[in-house]
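1. This is a predicted model, with the sequence first.
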Amino acid sequence: MANEVQTFDVVVIGGGPGGYAAALYGAAAGLNIALVERDKVGGTCLHRGCVPAKEFLETAHVRRTLEHAGAFGINAGDVTVDFAVSQARKTEIVNKLHKGVAGLLKGRKVTVFEGTARLDANQMVTVLDGADAGVVAQGTNIILAAGSVPRTLPGFDVDGSIVLTSDEFLDLTVLPASAAVIGGGAIGCEFASMLSDMGTKVTILEGLPSILAGCDTEVATVVNRAFKKRGIDIQTGVKITGHSPADGATSIHLEGADDVKVDMVVVSVGRRPRTEGLLGEGTGVEVNDRGFVVADGFMRTANPQVFAVGDLVAGTPQLAHVGFAEAIVAIKTIVGEDVVPVDYDRVPWAIYSNPEVAFCGLTEAAAVERGYDVLVKKDPFGGNSRAQIIGETDGVVKIIAEKRADGTAGQILGVHMAGPWVTEQLGAGYFAVNWEANVEEAAALIQPHPSLSETFGETLLALAGRGIHVG
């Protein structure tokens with residue numbers, strides 16, 4: 001019966017990466033799990049974020065490869081793009097992955113309710129709408145994983161044609177001739193890179209002094225230089241005062257500068273937690289003044305029987321793989337197993353622009369700010385044989401290590417990369433940082449030749465004091 005209270009060991013609210021990971025991991029631990037999702041399991045990451053965006057970036061990569069095929073003696077002719085085909089391919093990939101996640105949940109006997117959930121006192125969850133409206137589920141424990149939505153700007157009403165967020169952009173079938181990306185962070189740079197590689201004239205408008213402000217400055221400089229070389233107009237330190245749409249385009253007004261006229265505006269200024277209406281009376285859950293749920297290192301909220309994971313947690317990176325890790329921490333805490341909280345300083349970051357960016361650990365500036373005496377080495381991809389073979393030599397590997405009393409390099413504090421396929425190369429650096437390896441230990445590992453990963457190995461050897469191809 002719809003109004004009969006159903007009981008579970010854990011009720012998960014939200015079926016994105018953090019939510020479905022908690023459900024699957026908890027079910028594997030023998031817990032009776034219910035999951036409530038208002039849209040489709042997989043969440044923003046699968047349907048309106050990570051996966052579809054990377055499919056479009058791969059389309060851009062293919063186009064870029066064909067445009068430069070002449071350097072390899074291959075005549076590809078005129079390169080044209082039917083973006084509707086890429087859109088259809090994206091939809092096919094997303095649907096396959098969605099069916100896979102849904103199948104896993106069914107296979108592990110997770111009860112899935114369709115609708116918007118509200119948590120009330122005593123761990124009671126009510127499904128407010130959707131196919132399972134009226135269902136009431138009580139969990140011994142609750143995991144909040146309601147995710148996030150794109151932030152917007154005052155005066156920039158999202159209409160899906162001239163002003164878009166990532167949600168609307170990923171449904172396009174035709175790309176604009178010109179576009180402004182408001183926001184030069186990770187998501188903004190991915191959109192700008194993809195649009196530029198697909199032939200759109202792109203302007204990035206960023207309020208901070210530089211794009212990719214959270215990255216190490218050396219890495220951000222590489223991307224900035226590569227973007228400008230491709231004709232992307234980067235304007236930093238700007239203040240946007242509004243825009244004036246007319247005739248299917250718009251003019252963006254900047255304080256003290258000329259208007260920027262474009263066919264489309266992509267607003268990429270971060271994401272806000274989806275906590276409106278999530279909590280009823282008496283839940284005991286603390287929400288901060290920005291709407292994020294406050295949780296400790298074990299993902300427990302102020303109510304010890306309610307946990308929170310993913311984008312709605314205060315002070316944590318809004319990354320799908322962080323949601324996965326937090327889900328495991330929450331479930332292990334619930335079942336009473338030993339667990340190590342997520343070390344947010346050391347999580348891997350991946351930005352899929354051209355060139356790509358990947359990093360983990362402390363930046364050089366952050367390490368110095370925390371009182372470390374550091375040694376730093378960097379090695380450009382220009383001398384890497386594989387990079388020259390594939391024709392992508394823009395990039396750098398930078399490693400930050402603690403300086404020992406004798407002046408040698410000790411523990412590796414951070415690994416920062418920009419360049420070809422660095423999102424697939426970070427693994428070794430991630431292990432080194434998280435296992436608190438010293439430079440000599442990591443430098444002893446053999447890198448295959450010829451490979452892009454040799455640049456990481458070469459940088460380590462140089463940092464250890466005796467480089468081969470780099471001093």
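-> Received it, and whenever you're ready, just let me know what you need.

2. Pick out the residue closest to the middle of this structure.
-> Leu319 (4.4 Å; Cα atoms, centre = their mean).

3. Which residue is the nearest non-sequential neighbour of Val11?
-> Leaving aside its chain neighbours, Val11 sits nearest to Gly139 (3.5 Å; criterion: Cβ to Cβ, 6 or more residues apart in numbering). (Glycine included, C-beta is placed from N, CA and C.)

4. And the pLDDT for that neighbour?
-> Turning to Gly139, the model gives it a pLDDT of 97.

5. any idea how far Phe381 lies from Gly231?
-> Here Phe381 is placed at a distance of 21 Å from Gly231 (Cβ to Cβ, to the nearest Å).

6. out of those two, which sits in the busier spot?
-> Phe381 (24 against 9; other Cβ atoms under 10 Å).

7. May I have the residues that are in contact with that one?
-> Ala387, Glu392, Thr393, Asp394, Gly395, Val396, Val397, Gly419, Pro420, Leu452, Thr455 (Cβ atoms under 8 Å, 6 or more residues apart in numbering).

8. Would you mind giving the domain segments of the protein?
-> 5-150+272-344, 163-269, 355-464 (automatic domain parsing).

9. Looking at these, which is nearest to Phe156?
-> domain 163-269 (5.1 Å; Cβ to Cβ).

10. still on that earlier bit, reformat the domains of the chain as JSON lines; add distance to Asp157.
-> What follows is these, written out as JSON lines (distance: least, Cβ to Cβ, whole Å):
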{"stretch": "domain 5-150+272-344", "distance to Asp157": "13"}
{"stretch": "domain 163-269", "distance to Asp157": "6"}
{"stretch": "domain 355-464", "distance to Asp157": "32"}
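
11. re earlier: kindly list the main-chain dihedrals of the residue nearest to the centre of the chain?
-> phi -130, psi 140 (degrees, to the nearest 10).

12. Then the one 4 residues further on?
-> Its backbone dihedrals place Gly323 at phi -60, psi -40, with angles given as degrees, to the nearest 10.

13. The closest residue to it other than its chain neighbours is in what secondary structure piece?
-> Leaving aside its chain neighbours, Gly323 sits nearest to Gly18 (3.1 Å; criterion: Cβ to Cβ, 6+ apart). Applying DSSP states H and E as the criterion places Gly18 in helix 17-28.

14. If you count contacts, what does that helix end up packed against?
-> In terms of contacts (3 or more Cβ pairs under 8 Å, 6 or more residues apart in numbering; DSSP states H and E), helix 17-28 is packed against strand 5-13, strand 33-37, helix 43-48, helix 83-107, strand 136-144, helix 320-335.

15. Give the pairing partners of whichever helix or strand comes after the fourth one; include direction for each.
-> The reference is to helix 83-107. Of the helices and strands lying after helix 83-107 in sequence (DSSP H and E), the nearest is strand 111-114. According to DSSP bridges, strand 111-114 forms sheet pairs with strand 33-37 (parallel).

16. And the partner strand, what's buried?
-> Within strand 33-37, the residues scored as buried using 16 or more other Cβ atoms under 10 Å are Ile33, Ala34, Leu35, Val36, Glu37.

17. Could you give the separation of it from the chain centroid?
-> 24 Å (Cα atoms, centre = their mean, to the nearest Å).

18. Run the angle between that strand and helix 320-335 for me.
-> Counting by axes from the mean of the first three to the mean of the last three Cα atoms, to 10 degrees, strand 33-37 lies at 150 degrees to helix 320-335.

19. Do me a favour and average the pLDDT over strand 33-37.
-> pLDDT averaged over strand 33-37 gives 98.

20. any residues touching that strand, and which ones?
-> Residues contacting strand 33-37 (Cβ under 8 Å, 6+ apart): 6, 8-15, 19-20, 22-23, 26-27, 41, 43, 105, 108, 110-117, 125, 127, 132, 137, 139.

21. Type out the PyMOL command that picks the buried ones from those residues.
-> Selecting the buried subset of the contacts of strand 33-37 in PyMOL, with 16+ other Cβ under 10 Å as the burial test, is done by:
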select buried, resi 6+8+9+10+11+12+13+14+15+19+20+22+23+26+27+41+43+105+110+111+112+113+114+115+116+117+125+127+132+137+139
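
22. tell me the strands in the stretch 101-250 of the chain, going along the chain?
-> Along the stretch 101-250 of the chain, counting by DSSP state E, counting those that start in this stretch, strands occupy 111-114, 117-120, 124-127, 136-144, 148-150, 163-164, 178-182, 201-206, 233-236, 240-246, 249-254.

23. Throw these into TSV and include distance to Leu461, thanks.
-> Listed next are these as TSV, based on distance: least, Cβ to Cβ, whole Å:
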stretch	distance to Leu461
strand 111-114	51
strand 117-120	53
strand 124-127	55
strand 136-144	45
strand 148-150	42
strand 163-164	46
strand 178-182	39
strand 201-206	36
strand 233-236	34
strand 240-246	46
strand 249-254	47
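
24. What's opposite Glu206 in the beta bridge?
-> Bridge pairing for Glu206 - DSSP bridges - gives Thr236.

25. pLDDT weak spots in this protein?
-> 1-3, 470-471 (pLDDT under 70).

26. can you pull the contacts of the nearest residue to Arg48 once chain neighbours are set aside?
-> Closest residue to Arg48 apart from its sequence neighbours, by Cβ to Cβ, 6+ apart: Asp167 at 5.0 Å. Applying Cβ under 8 Å, 6+ apart to Asp167 gives the contacts Arg48, Val149, Pro150.

27. Most neighbours of all those, which one?
-> Arg48 (23 neighbours).

28. ok, what's across the strand from the residue nearest to Thr241 when sequence neighbours are not counted?
-> The shortest distance from Thr241 to any non-neighbouring residue, by Cβ to Cβ, 6+ apart, is to His253 (4.6 Å). Taking DSSP bridges as the rule, His253 bridges to Gly242.

29. So His253 sits against Val238, correct?
-> No: judged on Cβ atoms under 8 Å, His253 makes no contact with Val238 at a distance of 10.4 Å.

30. could you measure the nearest residue to Phe169 once chain neighbours are set aside against Glu458, distance?
-> Counting by Cβ to Cβ, 6+ apart, Phe169 lies nearest to Val266, which is 5.6 Å off, once chain neighbours are set aside. Distance check for Val266 against Glu458: by Cβ to Cβ, it reads 38 Å.
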